[in-house]
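[1] Here is my input, please return the structure:
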Amino acid sequence: MALIADLQDQIHETIAQLVLDHGRQRLDWLTMRTRRAMGDPDVDRDEILAVVGASTVLVARPSGHVDHALAVLEGNILTHRVRSPLAGRTELWLGPGLQPLLNVATYRPIPLADGSGEVTRAGTGHDVLVGPPGWLPEVERWGLVGLRVVDQALSVVPVAESELPSPADQLRVRRFLGDLYTRRRYWHGDDGSLAARPEELARTLNLALLEAPDLFASPYPPLDELLHDPLQRNADLDIFRELATGQQLETASLYLDGIPRALEVELDGRARQYGMPVNQFIVALLSMLAWRTPFAEDMEPWENWDPDHRPAAVRTLRSVDDWED
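    Reported below is the predicted structural model:
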């Protein structure tokens, strides 16, 4: 197994360098050049495809070409919320949202669009981009900085909160990315956090940009915020709903079938208005209705309630004529 892993690492390293040096290439050309570079005639197309499919730096386009992540990001801007003021700093500590750029910088420096130099990944292995003096704008703590790819170089700018799109637009992009993310990785009770699997987020972003090349042409919140609660609280939203449900001790499934289309549209619209998935909104409605009915009012004290406990005896009232003197 170690030999197979080493071979795959060598193939990945070779392909990444070829694509970064020569741009997007067809699979046949990459196979031939990889065989020559490694001196191994047994490397075939299937091995190349398997390595590309598992990579966060290489991207297989529908045309049959293999490209690199920086080319896929062309024209798009990714944002990051800084945890300390950037004035006078030369290093930018990153979160999962800028993982694609960090992956590229692992292989080679990324030039800056203003010609002032280039940025590299910190040699210590930290998730940090390091550049020349002055490459970072003056952004205060908890402010946003944006990194846009222009001609495969980085343009770094401050981003104001007012530049971000509306909550409705953010929700559409969140659902789009969330659908791709969950399709790539189906949970089986393991950690569902983005920080635990940044490579999955990088592959998801690559796939999303293949379908919508200008998805992040304008700045959005950082990806780790966009796919979590915007305030970064430990709340499970949208793509983590399934994981949260699976962690409950006892749950039951309920399916709605045959409801009028107009009602479905109304429920979905109201759920969006409250920033909730439609299934969560329906559960909230049912919960409210259950506790506002005569059933709830007629129950015995809740602390003594037991589903197997028989209700208290009901006294029979007699009419006045049955009373004795």
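
[2] neighbours around residue 26, how many?
    13 (other CB atoms under 10 Å). For every residue, glycine as well, the C-beta is placed using N, CA and C.

[3] Surely it touches residue 67?
    No - in this structure, residue 26 is not within contact of residue 67 by CB atoms under 8 Å, at 10.9 Å.

[4] which residues of the stretch 101-250 of the chain fall in strands?
    110-111, 118-121, 128-130, 144-150, 153-159 (DSSP state E, counting those that start in this stretch).

[5] Tell me which of those strands lies nearest to residue 214.
    For residue 214, the closest of the strands of the stretch 101-250 of the chain is strand 144-150, at 12.0 Å, according to CB to CB.

[6] per-residue confidence for residue 292?
    Per-residue pLDDT puts residue 292 at 53.

[7] The residue nearest to the spatial centre of the chain and residue 47: what is the separation?
    The centroid of the chain falls nearest to residue 227 when counting by CA atoms, centre = their mean (4.7 Å). To residue 47, residue 227 is 32 Å away according to CB to CB, to the nearest Å.

[8] Could you chop this structure up by domain?
    2-67, 77-163, 167-246, 261-298 (automatic domain parsing).

[9] In JSON lines, list these along with distance to residue 255.
    Putting the domains of the chain into JSON lines (distance: least, CB to CB, whole Å) gives the following:
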{"stretch": "domain 2-67", "distance to residue 255": "34"}
{"stretch": "domain 77-163", "distance to residue 255": "34"}
{"stretch": "domain 167-246", "distance to residue 255": "14"}
{"stretch": "domain 261-298", "distance to residue 255": "10"}
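
[10] residue boundaries of the helices in the stretch 201-325 of the chain?
    With helices called from DSSP state H, counting those that start in this stretch, the stretch 201-325 of the chain shows them at 223-226, 241-246, 261-273, 278-290, 294-298.

[11] deepest of those helices, which one?
    Across the helices of the stretch 201-325 of the chain, averaging neighbours per residue (mean count of other CB atoms under 10 Å) puts helix 223-226 on top, at a mean of 22.

[12] so for that helix, what's the average pLDDT?
    pLDDT averaged over helix 223-226 gives 85.

[13] pLDDT weak spots in the stretch 201-325 of the chain?
    Scanning the stretch 201-325 of the chain for pLDDT under 70 picks out the ranges 228-251, 291-325.

[14] swap the cut-off to 80 and go again
    Scanning the stretch 201-325 of the chain for pLDDT under 80 picks out 228-257, 272-277, 279-280, 288-325.

[15] Report how many residues lie close to residue 216.
    The burial count for residue 216: 22, using other CB under 10 Å.

[16] wait, what's in contact with the residue lying closest to it once chain neighbours are set aside?
    Spatial nearest neighbour of residue 216, chain neighbours left out: residue 76 (4.0 Å); criterion: CB to CB, 6 or more residues apart in numbering. Neighbouring residues of residue 76 by CB atoms under 8 Å, 6 or more residues apart in numbering: 148-149, 209, 213-217.

[17] Now, of these, which are buried?
    Neighbour counting by 16 or more other CB atoms under 10 Å classes 148-149, 209, 215-216 among these as buried.

[18] Can you tell me which of these is nearest residue 108?
    Among the buried ones among the contacts of residue 76, and counting by CB to CB, the member closest to residue 108 is residue 149, at 14.4 Å.

[19] Excluding covalently adjacent residues, which one is nearest to that closest one?
    That would be residue 73: by CB to CB, 6+ apart, it lies 4.3 Å from residue 149.

[20] Roughly how far does that neighbour sit from residue 98?
    11 Å.

[21] do the same with residue 282
    Counting by CB to CB - residue 282 and residue 98 are separated by 36 Å.

[22] do residue 109 as well
    Taken as CB to CB, the span from residue 109 to residue 98 is 16 Å.

[23] The two: which is more packed in?
    Between residue 109 and residue 98, residue 98 has the larger neighbour count (other CB under 10 Å), namely 24 against 15.

[24] List the contacts of that one.
    Residues in contact with residue 98 (CB under 8 Å, 6+ apart) are 78, 80, 129, 147, 222.

[25] How about the contacts made by the first one?
    Read it as residue 78. Residue 78 neighbours (CB under 8 Å, 6+ apart): 97-98, 100-101, 146-148, 216, 222-223.

[26] Save those residues as CSV, and put in distance to residue 51 too.
    Listed next are those as CSV, based on distance: CB to CB, whole Å:
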residue, distance to residue 51
97, 25
98, 24
100, 18
101, 21
146, 32
147, 27
148, 29
216, 27
222, 29
223, 25
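
[27] So for the residues you listed, which is the shakiest by pLDDT?
    Among those, pLDDT bottoms out at residue 97, giving 83.

[28] which phi and psi does it have?
    When read as degrees, to the nearest 10, the backbone of residue 97 gives phi -60, psi -20.

[29] Quick check: buried residues in the lengthiest helix in the chain?
    Across the chain, the longest stretch assigned as helix under DSSP state H is helix 2-22. By 16+ other CB under 10 Å, the buried positions in helix 2-22 come out as 7, 10-12, 14-16, 18-20.

[30] State the mean pLDDT of it.
    For helix 2-22, the mean per-residue pLDDT is 79.
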